[in-house]
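>>> Structure of the sequence below:
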Amino acid sequence: MQAQVWDNPLWRSLLPLGRDEQAGGYRRYSFTAADAACRDWFVQAALQRNLRTEADRNGNLWAFWDAGTESAAVAAGSHLDSVPDGGAFDGPLGVVSAFCAIDVLRERGFEPARPVAVVAFAEEEGARFGRACLGSRLSSGVIEPEAARELTDADGVTLAQAMAAAGLDSGRIGADAGLGSRFAAFVELHIEQGSVLDGLGAAVGVGESIWPHGRWRLDFAGRADHAGTTRLGDRRDPMLPFACAVLEARAAAKDTGALATMSKVAAVPGGTNGINSAVRAWLDARAPDDEHLIRLVDQVMETARAAAATHGVSFRAERESWSPLVKFDLELQDRLVTALAHAGITAPVLPTGAGHDAGVLASVLPTAMLFVRNPSGVSHSPAEYAAPQDCQAGVEALAVVLTELAGR
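Next comes the predicted model:
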């Protein structure tokens, strides 16, 4: 039986953009044609609602429901980019729901006492330039503009070049010093990347924390040779220590109660009848606390280094990103739970192992998260799904939250 699609006009208009018909998933990579289509969709959705739009210096998109006051705004939203062949809900559900929540509030005659903003952050997944939450990291000053401009994609295109091709000026990127004063709070609605809510029988939940997590690049350099003539004892095969690192990542994660994934690998030159000269791999690691995460990564690196030495291969590792444990603003969290309860919505509080823009922005302003039930728990896949009634429940929950935070 085919899953029922959320029958929402705004949702339906976004669904075709960046979708690969053969794979069934989305390839909405930053500053590409698919990304441009999504950005145009965002602007049109805002204009249809008479919202003021702007693109900030870091490529993040904003739409404002102005309140005629100088008060700090309340923002809601998420992102529109995807992982390779990702699902429809991760990110876009939060942006669509923010627009729809404004529709609901207007239908009810709600007049905000402070501006309400909808935001779509750029390069949240890091699928093109390897830095997750890049737009929010730049805005909050977590990454230096010079380093960001030099990031490259798989084809060697730099972020600066990609932004220029998209009509954006990378020379302006950098920290938004007024972010904490211009916004009173940011609430990100997101599909749950797991199935905790389904087990609890709840359509929506409230975020408690984000596990610390990071990405590490592992480089193994050996010697290219012939697969059919080179004796085993004469080989310097980088694939062997890489294989040891993969197995150790799984074992270390089990030992520490954490999660570790060799999420991407590139073998050079990659022929079917040859020994590779190099293997480059990426480790994604997450844990309940910083101590367990550091212990896990150290364990993987120690094994990789020892295996490389055994097989005559050089090894080096570089941490590409790091996000410490994030505990969402407790006062804001309590306000959300209380407001939802008064509206008759039971919203369990739960942590997540997935990184989000809300986690990055938590260092500069109060942030919170709403999760929408994902019955299978599958994410970063075309099989990702939220039922129409749960999507609508998320809109209703967000409308309640915006009433609480932006009301008189």
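>>> mind exporting the strand or helix carrying R305 as PDB, just the C-alpha atoms?
Using DSSP states H and E, R305 maps to helix 290-310. Extracted C-alpha coordinates of helix 290-310, given in PDB (Å, rounded to 0.1, in the frame of the first residue of the first chain):
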ATOM      1  CA  ASP A 290      31.700  14.500  24.800                       C
ATOM      2  CA  GLU A 291      33.700  12.000  26.800                       C
ATOM      3  CA  HIS A 292      32.300   9.000  25.100                       C
ATOM      4  CA  LEU A 293      32.600  10.600  21.700                       C
ATOM      5  CA  ILE A 294      36.300  11.400  22.200                       C
ATOM      6  CA  ARG A 295      37.000   7.900  23.500                       C
ATOM      7  CA  LEU A 296      35.300   6.400  20.400                       C
ATOM      8  CA  VAL A 297      37.200   8.500  17.900                       C
ATOM      9  CA  ASP A 298      40.500   7.900  19.700                       C
ATOM     10  CA  GLN A 299      39.900   4.200  19.500                       C
ATOM     11  CA  VAL A 300      39.200   4.200  15.800                       C
ATOM     12  CA  MET A 301      42.200   6.400  15.000                       C
ATOM     13  CA  GLU A 302      44.600   4.200  17.100                       C
ATOM     14  CA  THR A 303      43.400   1.100  15.200                       C
ATOM     15  CA  ALA A 304      43.700   2.900  11.800                       C
ATOM     16  CA  ARG A 305      47.200   4.100  12.600                       C
ATOM     17  CA  ALA A 306      48.500   0.700  13.700                       C
ATOM     18  CA  ALA A 307      46.900  -1.100  10.800                       C
ATOM     19  CA  ALA A 308      48.400   1.400   8.300                       C
ATOM     20  CA  ALA A 309      51.900   0.900   9.800                       C
ATOM     21  CA  THR A 310      51.500  -2.900   9.500                       C
END
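>>> Can you list the buried residues in it?
292-293, 296-297, 299-301, 303-305, 307-308 (16 or more other CB atoms under 10 Å). No exception for glycine: its C-beta is placed from N, CA and C like everyone else's.
>>> average model confidence for it?
Taken as a whole, helix 290-310 has a mean pLDDT of 97.
>>> which helices and strands sit right next to it?
strand 213-221, helix 239-256, strand 278-286, strand 314-323 (3 or more CB pairs under 8 Å, 6 or more residues apart in numbering; DSSP states H and E).
>>> mind redoing it with 10 Å?
strand 213-221, helix 239-256, strand 259-268, strand 278-286, strand 314-323 (3 or more CB pairs under 10 Å, 6 or more residues apart in numbering; DSSP states H and E).
>>> so which of these gets nearest A23?
strand 259-268 (16.9 Å; CB to CB).
>>> what packs against that closest one?
Strand 259-268 packs on strand 213-221, helix 239-256, strand 278-286, helix 290-310, going by 3+ CB pairs under 10 Å, 6+ apart.
>>> Report all helices and strands that the second one contacts.
Where contact means 3+ CB pairs under 10 Å, 6+ apart, helix 239-256 is packed against strand 213-221, strand 259-268, strand 278-286, helix 290-310, strand 314-323.
>>> so can I have a markdown table of the ones you listed showing distance to R27?
Output for the helices and strands packed on helix 239-256, formatted as a markdown table (distance: least, CB to CB, whole Å):
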| stretch | distance to R27 |
| --- | --- |
| strand 213-221 | 20 |
| strand 259-268 | 15 |
| strand 278-286 | 19 |
| helix 290-310 | 30 |
| strand 314-323 | 22 |
